[in-house]
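> Quick one: sequence and predicted model below, then my questions.
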There are 6 protein chains.
Amino acid sequence: MTENLQRADGRAPDQLREVRITRGWSEHAEGSALIEFGGTRVLCTASFESNVPRWLKGRGTGWVTAEYAMLPRATNTRSSRESVKGKIGGRTHEISRLIGRSLRAVVDTAALGENMITLDCDVLQADGGTRTAAVTGAYVALADAVAWAREQGHVARRAEVLTDSVAAVSVGILLNGTPVLDLPYSEDSTAETDMNVVATGAGEFVEVQGTAEGAPFRRDELDALLDLALAGTAQLTRLQQEALAS
Amino acid sequence: MTENLQRADGRAPDQLREVRITRGWSEHAEGSALIEFGGTRVLCTASFESNVPRWLKGRGTGWVTAEYAMLPRATNTRSSRESVKGKIGGRTHEISRLIGRSLRAVVDTAALGENMITLDCDVLQADGGTRTAAVTGAYVALADAVAWAREQGHVARRAEVLTDSVAAVSVGILLNGTPVLDLPYSEDSTAETDMNVVATGAGEFVEVQGTAEGAPFRRDELDALLDLALAGTAQLTRLQQEALAS
Amino acid sequence: MTENLQRADGRAPDQLREVRITRGWSEHAEGSALIEFGGTRVLCTASFESNVPRWLKGRGTGWVTAEYAMLPRATNTRSSRESVKGKIGGRTHEISRLIGRSLRAVVDTAALGENMITLDCDVLQADGGTRTAAVTGAYVALADAVAWAREQGHVARRAEVLTDSVAAVSVGILLNGTPVLDLPYSEDSTAETDMNVVATGAGEFVEVQGTAEGAPFRRDELDALLDLALAGTAQLTRLQQEALAS
Amino acid sequence: MTENLQRADGRAPDQLREVRITRGWSEHAEGSALIEFGGTRVLCTASFESNVPRWLKGRGTGWVTAEYAMLPRATNTRSSRESVKGKIGGRTHEISRLIGRSLRAVVDTAALGENMITLDCDVLQADGGTRTAAVTGAYVALADAVAWAREQGHVARRAEVLTDSVAAVSVGILLNGTPVLDLPYSEDSTAETDMNVVATGAGEFVEVQGTAEGAPFRRDELDALLDLALAGTAQLTRLQQEALAS
Amino acid sequence: MTENLQRADGRAPDQLREVRITRGWSEHAEGSALIEFGGTRVLCTASFESNVPRWLKGRGTGWVTAEYAMLPRATNTRSSRESVKGKIGGRTHEISRLIGRSLRAVVDTAALGENMITLDCDVLQADGGTRTAAVTGAYVALADAVAWAREQGHVARRAEVLTDSVAAVSVGILLNGTPVLDLPYSEDSTAETDMNVVATGAGEFVEVQGTAEGAPFRRDELDALLDLALAGTAQLTRLQQEALAS
Amino acid sequence: MTENLQRADGRAPDQLREVRITRGWSEHAEGSALIEFGGTRVLCTASFESNVPRWLKGRGTGWVTAEYAMLPRATNTRSSRESVKGKIGGRTHEISRLIGRSLRAVVDTAALGENMITLDCDVLQADGGTRTAAVTGAYVALADAVAWAREQGHVARRAEVLTDSVAAVSVGILLNGTPVLDLPYSEDSTAETDMNVVATGAGEFVEVQGTAEGAPFRRDELDALLDLALAGTAQLTRLQQEALAS
């Protein structure tokens, strides 16, 4: 995979952009992280509540949910605010749901008790891969909120609320046929195939979402992308661990 | 894959439910099909318009889009109408977008000219796999609408608007670890892993969407699911061809 | 009334279109009927709930309500979905309210107890008279849901929940002055006067809604229309009885 | 019909409440009337625009439309504003449509030319019969707006825009079986049958909307109500003429 | 301030328009007033409820809130209804909040007990100063609703619910530099500076909202406007007292 | 004013919090600034468009508008997103309008030509004074967007688009009667009087918005607050100049 072929930004096909995680960016949230994948910057906050949605009350289990959004000028041209339009677009819904499912895959909701944690992932600046940066940063914010809840006694001291960590990365096949890791906007907008992979710290899949933007893709291409992706999430897992250890 | 292990409804793991395609169900639409995957019934209509959305005007290319919805009592318990709630849910948005992307993967929008085809996929009765039935049925309705447009002279007689066919199927891993094809609601709601695969008639991937509903899944499990899915979409392709030949 | 004058579809002025009632079309609903008045097809489902709206709680009486809607391509040209527009149009509201009132006219809500039945009337294909087909089909679905509730013990075995049956039909005055029964779209859209009449099995009026679409109408014209309508609802009452007896 | 039987407010069964029409109540509108049917007060304004909705452009004909609404405390207990709820209720839609249709029945839209008149009927205080007061008052406002348009030269001097006048009244059958004219809220809320009739100055029907609120009604009861209603609209026609002559 | 300079309508710079307060205009509301500042007419109703919003329950204190709105043809050209647009504009929100805050400044919510009073201020005709007329008229309606609640025993007989009265007026600097009181629309729409002042009967400020519509304003101009405004609210206070004494 | 009395955070009554302006924070926007007033952090971006709203087309003048919003967890407890609620709250509307008016007070829209600049002010973290920080930061972003437009030739090289600078600050009277400058949330939420003042670089008023949150305020208190505010905006003007010079 690591051919000598370089990309527009000089990276090797299997190389991540510079990833920075600023843990505790927010003074108010129970957990927070400003995560950067190159020019993509997502502010992730975790809000803890001793309460669950109505449909879960009395079952003894908790809930983790997420909301993703983008500032109007996070992108190259300004988009209208969804609050002004009065409705949330399909893309926003889709990504919010993806982040929520990804985090719940490593949460033991019974261990969480009747508590809820809401992850807000707001894209301050976008340059491709906002949803994967959001999943990766949200995990850090979530881990801190869980630690906070344990310290405050909202969650039992020995409860293993988090069963593993979770991280996400994008992979794709460029027009010239090269499979690459972590696509910035310039690559993403022209790629033939675009895939987002969410994986646990143990290297198992939580989500695999591949889309043929141009031509349909073959089974061997899919296999190459999955290899690249698992190598990427493994690196992100280490960066999460470092951030949480600091 | 075709072990002797039988399922609740008596099917082998790699066996589709009974699939029925009633082509031309609607008297008004330019193309239509009522498709049934067992107890799942989706009415797909294709509406042709000699017009394109504003952002495409003057580019000489057309557009294919889709809207998915479910009747309130398609399911076992009644859901509120999205029109009454005044907003469309994330799931509806997600599936509408999936169907639209899947169809566009086999459409040459330049050959379509400045015309638009809207596929409405309304679930009249749901028993799992509504989105895959919708993609599969919508292709049949689309093919008829394209043929109609050609006959009416809206599209050039020799224009190859459709570059291939497209079909979709669900696969999943049951709690007992068995990978199975085409899950009814009873299996879908308890499966560990749930995957929807959209593939072309030529057997290449258009979409791969796998989600760990329970435990994360391993690479070898993913491989088994992809094998099952491609076998399923190949059968659906034949059924589409038969329906369109009749 | 039965002059020799024939209509575009060959019917006599006082003749109904072919009416078909497919009882039990839905596997999930407590009662259901697919009703066809010629090319008009409406799927009616009745959903039973052991619960009442907040404003009725504790009064010992139940509620019957209805929601009418049309698939986007039920008509000759596609209409936008009301869920996408984010609001329900006046016509939809008006018809939903008409269906609900018509059914409640033959329901003893005290005998129903604190239970609610929701009738969903979704027009799958439209060719005039959708609201009258909806009322007529909804009664069949309602009758089955009441029978189901009695069998399940949700309603007392001897409770006379339904005090009569109810059916509806359209009548109108064509441009040539002929009063006619059960107008298809081609007649409806050009009629001078358009009237919808809802009547009980006993032949009494529940609703009379007449509108001068063109010139205002005289008292004797109104009288002729009411005669035609009552003859039509009497026939529909027999068809409902046959469907429920089968 | 004019038996000696008196009503709670001392009126005979066929007697209107005191009707007052204050023409020109608004300084801004092209036509306006504050109409009172007893305690019911509706402000009707007619707004003229040299423009038509998009779907009418270039056809040389105009449009007349209406919007009905109620102030939150027009009624005995306060209702939430529809603007605050973010959607218009079915009843509001229904009445707005009724008013618009009723006025258009006496408008020659070709003579109006490509102009639009919007009637706003806002209920300042409600005591039954708000929709019939609205139709009756809106006609006066409309007549003044048409006269204004003629004076301003927006409409040809000899154009007969109004082909007749239009007025509306409610009739109903009280619990004791008496058919009565022009029901205040106290009678309306307990009546067995409730009917609104819109008629032209020439005494022909524009709309007949009868609803069995309690028991279904017989043909002879319907006939009695229609007689009462036409006598009522004839009186309202005279009051409109007097107001417009002053 | 009272230079000989006259205004378009002949008033002196420090002179109010003719103010009329018709107390008890509504038969249904617990308090009401139709207030006129020249051609501006606002109907203010006060609705009393023995109930508080959820966030106040159990605290023993009440709430006073307000909703402002304008009829579509209150102004010179017709505006769309906010209920039809499905959302409330910023200006409406802003004024509703201003009225609510202004009234609460003279209400002892503890003395009110767990009760709520909603002031609806509907502009029937607009000619500048609608928000200040609304505050001034709403106080009269509020005072009557409080008196009603005391008589009905909903509020303790000796509770001093109202700690003072409150009134509001607009002031502004015309293009020619003259500071003036109570601007009609013709002055308001061309003024350099526009200020709304809400003051208590005791002459203290509740709200001061000044905006440079044209050039920014100096400190001495601000001082002149505040002098004019306090003189105006003092006159309005007397008119409120007279209305409440009658 | 500068008594020895200290505040909770150790500041003198007339002392600003630490103000930091990070100019050019966004890579995409034509102008941007991250502004911090102590713990309050607002990201301001200016988006330039060679286009104006429909109502301004063909008049040769431009437009400057603003949208204010807060991230859900900018505050101590999480608020629901306005996009999820489907409507914008009154407070958001009010502040967006304030920012827009404030900026337009120093813009010569004729010199801007038919161009539009949209200022997005998103509160990333809130600790009081978010609207005043937003106005102050938005001016910096606006100045950069205007410079960019001049360099790009969208605006004439000698056009004096900005006639002055503009800045805003909050002042208030604490419970103990002390008038103070630039209130953090802890002071703001308990202050008797709260005032926001927007002033030009030349020290003239653009907006004065004072509200009695507790007791009404006297004229001399108002005077003291205005003095404090003008001293504060003068300091902010210097900080803006430094940021724009760097």
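Ah, there it is.

> what does chain A have sitting close to chain C?
Proximity of chain A to chain C is confined to A:86-87 under the rule C-beta under 8 Å from any C-beta of the partner chain. Using the backbone N, CA and C atoms, a C-beta is placed for each residue, glycine as well.

> where along chain A do the strands fall?
All strands of chain A, identified by DSSP state E, fall at A:19-23, A:31-37, A:40-49, A:63-70, A:116-125, A:166-173, A:179-181, A:193-200, A:205-212.

> how many other residues sit next to the residue of chain A found nearest chain D?
Nearest residue of chain A to chain D (C-beta to the nearest C-beta) works out as residue A:86 at 8.4 Å. Using other C-beta atoms under 10 Å in any protein chain shown, residue A:86 has 20 neighbouring residues.

> Burial-wise, tell me which of the strands of chain A comes out on top.
strand A:166-173 (a mean of 28; mean count of other C-beta atoms under 10 Å in any protein chain shown).

> center of chain A - which residue?
The centre of chain A sits closest to residue A:135, judged by C-alpha atoms, centre = their mean, with a distance of 1.4 Å.

> I figured that residue hits residue A:167, correct?
Yes - contact status for residue A:135 versus residue A:167: in contact at 6.7 Å, counting by C-beta atoms under 8 Å.

> Centroid-wise, who is the farthest residue in chain A?
In chain A, the residue that sits farthest from the middle, by C-alpha atoms, centre = their mean, is residue A:58; the gap is 30.3 Å.

> Who are the contact partners of residue A:183?
Residues in contact with residue A:183 (C-beta atoms under 8 Å, 6 or more residues apart in numbering or on different chains) are A:128-129, A:170-172, A:191, A:194.

> Could you tell me which residues of chain A lie near chain E?
When proximity is defined by C-beta under 8 Å from any C-beta, chain A lies next to chain E at residue A:86.

> can you pull out the helices in chain A?
Counting by DSSP state H, the segments of chain A that form helices are A:82-85, A:90-104, A:109-112, A:130-151, A:185-188, A:219-245.

> Buried residues, the fourth one. List them.
In terms of neighbour count (16 or more other C-beta atoms under 10 Å in any protein chain shown), helix A:130-151 has its buried residues at A:130-149.

> What separation do you get for the closest residue to residue A:165 other than its chain neighbours and chain F?
The shortest distance from residue A:165 to any non-neighbouring residue, by C-beta to C-beta, 6 or more residues apart in numbering or on different chains, is to residue A:201 (3.9 Å). Taking C-beta to the nearest C-beta, to the nearest Å as the measure, residue A:201 falls 26 Å from chain F.

> How about residue A:181?
The gap separating residue A:181 from chain F is 22 Å, by C-beta to the nearest C-beta.

> pLDDT score for that residue?
On pLDDT, residue A:181 comes in at 97.

> which residues does residue A:201 contact?
By C-beta under 8 Å, 6+ apart, the contact set of residue A:201 is A:164-167, A:237.

> now, which of these sits nearest chain E?
For the contacts of residue A:201, the minimum distance to chain E (C-beta to the nearest C-beta) is 36.6 Å, reached by residue A:166.

> quick one, what contacts the closest one?
A:102-103, A:105-106, A:135, A:139, A:198-201, A:206.

> go again using 7 Å as the cut-off
Residue A:166 sits next to A:102-103, A:105-106, A:135, A:139, A:198, A:200, A:206 when contact means C-beta atoms under 7 Å, 6 or more residues apart in numbering or on different chains.

> Once you drop chain neighbours, what's closest to it?
residue A:106 (4.7 Å).

> Near chain F, which residues of chain A are found?
A:26-29, A:39, A:43, A:45, A:47, A:67, A:69, A:71-73, A:75-76, A:78, A:81-84, A:86-88, A:118, A:120, A:122, A:124-125 (C-beta under 7 Å from any C-beta of the partner chain).

> I'd say residue A:148 and residue A:24 touch.
No - using C-beta atoms under 7 Å, residue A:148 makes no contact with residue A:24, being 10.8 Å away.

> rewinding a little: can you tell me which of the helices of chain A has the worst average pLDDT?
Sorting these by mean pLDDT places helix A:82-85 lowest, at a mean of 90.

> re the thing from before, between the strands of chain A, which gets nearest to residue D:114?
When the strands of chain A are compared for distance to residue D:114 using C-beta to C-beta, the nearest one is strand A:63-70, at 43.8 Å.

> measure residue A:119 to residue A:31 for me?
Distance from residue A:119 to residue A:31, counting by C-beta to C-beta, to the nearest Å: 9 Å.

> Please enumerate the shared neighbours of those two.
Common neighbours of residue A:119 and residue A:31 are listed as A:46, A:141-142 (criterion: C-beta under 7 Å, 6+ apart).

> nearest to chain E, of the residues you listed?
Among those, and counting by C-beta to the nearest C-beta, the member closest to chain E is residue A:46, at 24.9 Å.

> pretty sure the closest one is in contact with residue A:115, am I right?
No - in this structure, residue A:46 is not within contact of residue A:115 by C-beta under 7 Å, at 11.7 Å.

> could you list every residue that touches residue A:148?
Applying C-beta under 7 Å, 6+ apart, we find residue A:148 in contact with A:30-31, A:48.

> As PDB, could you dump the C-alpha coordinates of stretch A:70-90?
Taking C-alpha atoms only, stretch A:70-90 is exported to PDB below (Å, rounded to 0.1, in the frame of the first residue of the first chain):
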ATOM      1  CA  MET A  70     -21.300  22.500  11.100                       C
ATOM      2  CA  LEU A  71     -20.800  26.200  11.600                       C
ATOM      3  CA  PRO A  72     -22.100  28.100   8.500                       C
ATOM      4  CA  ARG A  73     -18.700  29.200   7.400                       C
ATOM      5  CA  ALA A  74     -16.800  26.100   8.400                       C
ATOM      6  CA  THR A  75     -16.600  25.400   4.700                       C
ATOM      7  CA  ASN A  76     -15.200  27.200   1.700                       C
ATOM      8  CA  THR A  77     -18.500  28.900   0.900                       C
ATOM      9  CA  ARG A  78     -21.100  29.800   3.500                       C
ATOM     10  CA  SER A  79     -24.100  27.400   4.000                       C
ATOM     11  CA  SER A  80     -27.400  28.500   5.500                       C
ATOM     12  CA  ARG A  81     -27.900  27.600   9.200                       C
ATOM     13  CA  GLU A  82     -30.200  24.600   9.800                       C
ATOM     14  CA  SER A  83     -31.800  26.600  12.600                       C
ATOM     15  CA  VAL A  84     -32.700  29.300  10.100                       C
ATOM     16  CA  LYS A  85     -34.000  26.900   7.600                       C
ATOM     17  CA  GLY A  86     -36.100  25.300  10.400                       C
ATOM     18  CA  LYS A  87     -35.000  21.800   9.600                       C
ATOM     19  CA  ILE A  88     -32.100  19.500   9.800                       C
ATOM     20  CA  GLY A  89     -30.600  18.100   6.600                       C
ATOM     21  CA  GLY A  90     -30.300  14.500   5.800                       C
END
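
> Could you pull out the buried residues of it?
For stretch A:70-90, by 16+ other C-beta under 10 Å, it's A:70-75, A:78, A:81-84, A:86-90.

> Nearest to chain E among those residues?
Using C-beta to the nearest C-beta, residue A:86 comes nearest to chain E of the buried residues of stretch A:70-90, at 6.3 Å.

> Chain neighbours aside, what residue packs nearest to the closest one?
Distances taken as C-beta to C-beta, 6+ apart place residue F:86 nearest to residue A:86, at 5.2 Å, with adjacent residues excluded.
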